[in-house]
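# need a 3D model of the sequence below.
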Amino acid sequence: MRSGPGYLAASPPSGPAGGVAPAPSTFPLQEGKAFEPLAEFPEGRGRAVKLNGVELAVFKLEGRLYALQNACPHEGAALADGTIEGSEVVCPGHGYRFNLRTGACSTTPDLCARAYKVALRHSRLELDKDLK
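Numbering: from 1, shown residues only. Predicted coordinates for the structure are as follows:
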C-alpha cells in the first residue's frame, strides 16, 4: 500500500452483513488524473478522487458513476470507504445512509451529502456540475 504526500490511506471497515465490502482506499488524490474507462472504478464500491479541488467519493453501481462529497456531513468519515446497499452508501463512521444519486440521507433527513454529476471522457474523470 502506498502512502505519503498526495495519497490518502485508510483501513476498510468490515461493513454490515449483506453489504458490499469496500476496497482499500489508497489512491492518488492528484488533480486531472487519467483513468482507464470505468476499469479503475470497481462495481459496487467507492473510491475517493480529488477533482477541481473537491474531494469526491465516486461509486460505480450497475455500470454508472455517482459522486458525493467524500466527507460525511455527520462527522466527516470518508464515504468512499462505506458499503453500498441498494442505491445508498452506508457511512463507515456511524451508519448514516446516503442516496448515491441525490445525497439525501434516509437515516436522518436533516443531513444531506452534496451530490455531483461526473463523467468519464477520453479516459479522464470530469466534474459536470454540482447537482445541488
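# can we go C-alpha only for contacts and neighbour counts from here?
Noted.
# quick check: which ranges of the protein have low pLDDT?
1-38, 129-132 (pLDDT under 70).
# what's the closest non-adjacent residue to residue 108?
Distances taken as C-alpha to C-alpha, 6 or more residues apart in numbering put residue 96 closest to residue 108, at 7.4 Å, once the chain neighbours are dropped.
# how about the one you found, what does it touch?
By C-alpha atoms under 8 Å, 6 or more residues apart in numbering, the contact list for residue 96 reads 74, 90, 105, 106, 107, 108.
# make a markdown table from those residues and add distance to residue 125, secondary structure and neighbour count to it.
Shown next, in a markdown table, are the contacts of residue 96 (distance: C-alpha to C-alpha, whole Å; DSSP: H, G, I helix; E, B strand; the rest coil; neighbours: other C-alpha atoms under 10 Å):
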| residue | distance to residue 125 | secondary structure | neighbour count |
| --- | --- | --- | --- |
| 74 | 27 | coil | 15 |
| 90 | 24 | strand | 26 |
| 105 | 25 | strand | 20 |
| 106 | 28 | coil | 14 |
| 107 | 30 | coil | 12 |
| 108 | 31 | coil | 12 |
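# lovely, talk soon.
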